[in-house]
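Visitor: Provided below for reference: sequence and predicted model.
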There are 2 protein chains.
Amino acid sequence: MSAQLIDGKSCAQAIRSEVAQEIVDIKSRDPSFKPCLAIVQVSDRQDSSTYVRMKCKAAAEADIKTEFVHLNEDVSEAQVLEKVSELNEDPSIHGVLVQLPLPAHINEDKVTSSVLARKDVDGFGPFNVGELNKRSGKPFFYPCTPLGIIELLKRYEITISGTKSVVIGRSDIVGSPVAELLKSLDSTVTVAHSKTQNLESYLEDADIVVVGIGCAQFVKGEWFKNNKRGVVVIDVGTNYVEDPSKKSGYRSVGDVEFEEALKYVRLITPVPGGVGPMTVAMLMKNTLTAAKREWENGGKLRKFEPLPLNLQ
Amino acid sequence: MSAQLIDGKSCAQAIRSEVAQEIVDIKSRDPSFKPCLAIVQVSDRQDSSTYVRMKCKAAAEADIKTEFVHLNEDVSEAQVLEKVSELNEDPSIHGVLVQLPLPAHINEDKVTSSVLARKDVDGFGPFNVGELNKRSGKPFFYPCTPLGIIELLKRYEITISGTKSVVIGRSDIVGSPVAELLKSLDSTVTVAHSKTQNLESYLEDADIVVVGIGCAQFVKGEWFKNNKRGVVVIDVGTNYVEDPSKKSGYRSVGDVEFEEALKYVRLITPVPGGVGPMTVAMLMKNTLTAAKREWENGGKLRKFEPLPLNLQ
Ligand SMILES: NC(=O)C1=CN([C@@H]2O[C@H](COP(=O)(O)OP(=O)(O)OC[C@H]3O[C@@H](n4cnc5c(N)ncnc54)[C@H](OP(=O)(O)O)[C@@H]3O)[C@@H](O)[C@H]2O)C=CC1
Ligand SMILES: NC(=O)C1=CN([C@@H]2O[C@H](COP(=O)(O)OP(=O)(O)OC[C@H]3O[C@@H](n4cnc5c(N)ncnc54)[C@H](OP(=O)(O)O)[C@@H]3O)[C@@H](O)[C@H]2O)C=CC1
């Protein structure tokens, strides 16, 4: 068997086009509809700047306005909180995102928690996380990477309900929320981590495997050899390895030994071009959702109740 | 092999005695130390009244004061919230518990969420649930039944880290928090539920199985026949089945087919006398913890930071 690839790049592009089209449609009826995403970046870390640039570019393409707030490395926690509070109160802003990581003297948890739940398009604040973890919770937003993974599975018409899935990694931003989403969609989910023994034994009869550990090619292709279920593998890992053949001197690889896995699995996401592009696409979708909610309520942001997102 | 029983009744009694003794010790040094638990009951449901009576009795035995607030079935949600707010503000009260279920016209989530996180000895409020679900979260309190289960495992010196465990049931009050606790203690946890296919296949190589589904003797003893690991079974189920030989006309049974399971498992909790008594014992322990925290801070309740509970 040779695996089919899950093309995250095209999926992400399709979602971004859909978002752009929906904005065009609504604007044609109501020119006052102006989705706007605020991005707060503290410091000049190069990786953060790259991510922020990608988000701004995607927003511009969809005609989502961005309000970029750049604060110096030595800004105080209170000043960051003050800024977030201003953005929370500004009715022209629909989504507020704080680019992580923050400098060590600022409490990340405190800052992400201060974003208003209905503007928390990253889905990392306590209300949205709490609702995600409840049996019948109703978050305003699901976090973008986990939501992007579910979206990929949906677009490839992969059954989730009744399946057996294994999530390797239990971080707050990847493993745990992916596991919660799969569970809420009625998969039977096992969460594995660095203390798991005989990791490969869990993969033998899994239908869906999601890997987010941050170890280059740690999950061996061979581990899927005995899996006769036509397993679907989602590789969230983004690791950089040296590659003298590249101009930059390195290339990115996933957490799965891709070439070898291709022999045994049914579907797999490549790295790059798999999960990566979906995160930004889902951020655009969440921002549109935020703007539409406010617009449908005639701008009375405070008046409406949480709406369940249609995950099914 | 014939299984050993996990005696929840004696464990619970031991914990309650330890709590009582610690209160005696602290009082001998400082007679002003007066742990107090407030219990709010709305309506006269018979089962609720029974539970509340058990809690009050356990508290009295440990010299924990109880402040029992009984509200009529037709009380408004606002009145319940007002009452909780009074209890939140009263410095002589250390734990606040709202007995569930509440009448249909009152939003349970809203009411349990209104209990101050550091008085939320039931562990059901958003702060404590949110912290429980975070990788390195620091809840003030873990919910009593799940915590009681972990305590049983600890007292029977059952290794958790590195094991494979299966939790059957994914409710907010039993299955999900038990799974979170086991995961945080480095077990590799699978959560099964009503949509799980081939449920029995998950039990073959599990080290720990927790069942909380509310279906009398649903999990067959035979399902453990092929398990060669010396599996430990925790049966949370409390179901009532008719039994003409009893004066009451019924008896309580668990979710596991107990007699048959005895043949194949290493350790198992009976029903009654297993998990049941642990819930009240852990509530006493949580209330003592709440009172000690305040006392150690000289009554300045608002001044301290969350402390990680020592689960290891
Ligand atoms: N859009 C995207 O494509 C995104 C990609 N990522 C990528 O996903 C990966 C994971 O990120 P993140 O979750 O933040 O990482 P973290 O470091 O926060 O978490 C890694 C998790 O993997 C587990 N783990 C580490 N090593 C092993 C191992 N050898 N076997 C089993 N489990 C292991 C850890 O276990 P333990 O808990 O026991 O320590 C931990 O739970 C990274 O490569 C990151 O770059 C992340 C976010 C977005
Ligand atoms: N102190 C104590 O001893 C306590 C005991 N209990 C007892 O624990 C049991 C569970 O309580 P609770 O969690 O509140 O119950 P819920 O009804 O809220 O949840 C039951 C869970 O079990 C799952 N389930 C139901 N039937 C099956 C099945 N046939 N196969 C697999 N999974 C199934 C459900 O799945 P799905 O999500 O798909 O519907 C659900 O997740 C009850 O018997 C209750 O009395 C509860 C609290 C305290």
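Guide: Okay, I see it. Numbers count the residues shown, from 1 in each chain, chains lettered A, B, ... in the order given. Ligands and ions are numbered 1, 2, ... in the order given.
Visitor: now do the contacts for A:Trp223.
Guide: Remark: with contacts taken as Cβ atoms under 8 Å, 6 or more residues apart in numbering or on different chains, A:Trp223 is in contact with A:199-200, A:203. Bear in mind the C-beta positions are built from the backbone N, C-alpha and C, glycine included.
Visitor: any idea whether it is helix, strand or coil?
Guide: Using DSSP: H, G, I helix; E, B strand; the rest coil, the three-state assignment for A:Trp223 comes out as helix.
Visitor: thought A:Leu203 was touching A:Val232, still the case?
Guide: No - taking Cβ atoms under 8 Å as the contact criterion, A:Val232 and A:Leu203 are not neighbours in contact, 11.8 Å apart.
Visitor: can you list residues touching both of those two?
Guide: Here A:Val232 and A:Leu203 share the contacting residues A:Val209, scored by Cβ under 8 Å, 6+ apart.
Visitor: of these two, which one has the most company?
Guide: Set A:Val232 next to A:Leu203 and count neighbours by other Cβ atoms under 10 Å in any protein chain shown: A:Val232 wins out with 26 against 23.
Visitor: in the sheet, who's paired with that one?
Guide: Going by DSSP bridges, A:Val232 is paired in beta bridges with A:Ile208, A:Leu267.
Visitor: gap between it and A:Tyr156?
Guide: Using Cβ to Cβ, to the nearest Å, one obtains 8 Å as the distance from A:Val232 to A:Tyr156.
Visitor: list residues touching both of those two?
Guide: With Cβ under 8 Å, 6+ apart applied, the overlap between the contact sets of A:Val232 and A:Tyr156 consists of A:6, A:267.
Visitor: tell me where the stretch 201-312 of chain A has helices.
Guide: Assigned by DSSP state H, counting those that start in this stretch, the helices in the stretch 201-312 of chain A fall at A:258-261, A:276-296.
Visitor: what's the most buried one of the ones you listed?
Guide: Among the helices of the stretch 201-312 of chain A, the stretch with the highest mean neighbour count (mean count of other Cβ atoms under 10 Å in any protein chain shown) is helix A:276-296, at a mean of 23.
Visitor: near ligand 1 at all, that helix?
Guide: Yes - interface with ligand 1: helix A:276-296 contributes A:276, A:279 (Cβ under 6 Å from any ligand atom).
Visitor: distance of the closest residue in space to A:Ile160 that isn't next to it in sequence relative to ligand 2?
Guide: By the measure of Cβ to Cβ, 6 or more residues apart in numbering or on different chains, the closest residue to A:Ile160 outside its immediate chain neighbours is A:Leu185, 4.4 Å from it. The span separating A:Leu185 from ligand 2 equals 11 Å under the rule Cβ to the nearest ligand atom, to the nearest Å.
Visitor: and A:Leu185, how many residues sit next to it?
Guide: If you count neighbours by other Cβ under 10 Å, A:Leu185 ends up with 20.
Visitor: need the pLDDT of the closest residue to A:Gly237 other than its chain neighbours.
Guide: The shortest distance from A:Gly237 to any non-neighbouring residue, by Cβ to Cβ, 6+ apart, is to A:Asp255 (3.0 Å). We note a pLDDT of 98 for A:Asp255 in this prediction.
Visitor: same deal with A:Pro31?
Guide: At A:Pro31, the predicted lDDT confidence score is 95.
Visitor: and the one 10 residues further on, by the same measure?
Guide: A:Gln41 carries a pLDDT score of 97 in this model.
Visitor: what does the stretch 151-300 of chain A have sitting close to chain B?
Guide: Applying Cβ under 8 Å from any Cβ of the partner chain, we find that the stretch 151-300 of chain A lies next to chain B at A:161-162, A:164, A:170-172, A:176, A:183, A:186, A:188-193, A:195-197, A:201-202, A:205.
Visitor: okay, and which of those residues map to helices?
Guide: Of these, the ones assigned to helices by DSSP state H are A:176, A:183.
Visitor: what about burial for the residues of the stretch 151-300 of chain A next to chain B, which qualify?
Guide: For these, a neighbour count by 16 or more other Cβ atoms under 10 Å in any protein chain shown gives the buried set as A:164, A:170, A:172, A:176, A:183, A:186, A:188-193, A:196, A:202.
Visitor: and those residues, which of them are in strands?
Guide: Using DSSP state E, the members of those that fall in strands are A:164, A:188-192.
Visitor: could I get these in JSON lines, plus columns for distance to ligand 2 and pLDDT?
Guide: Formatted as JSON lines, these follow (distance: Cβ to the nearest ligand atom, whole Å; pLDDT from 0 to 100):
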{"residue": "A:Lys164", "distance to ligand 2": "14", "pLDDT": "98"}
{"residue": "A:Thr188", "distance to ligand 2": "10", "pLDDT": "98"}
{"residue": "A:Val189", "distance to ligand 2": "13", "pLDDT": "98"}
{"residue": "A:Thr190", "distance to ligand 2": "16", "pLDDT": "98"}
{"residue": "A:Val191", "distance to ligand 2": "17", "pLDDT": "98"}
{"residue": "A:Ala192", "distance to ligand 2": "22", "pLDDT": "98"}
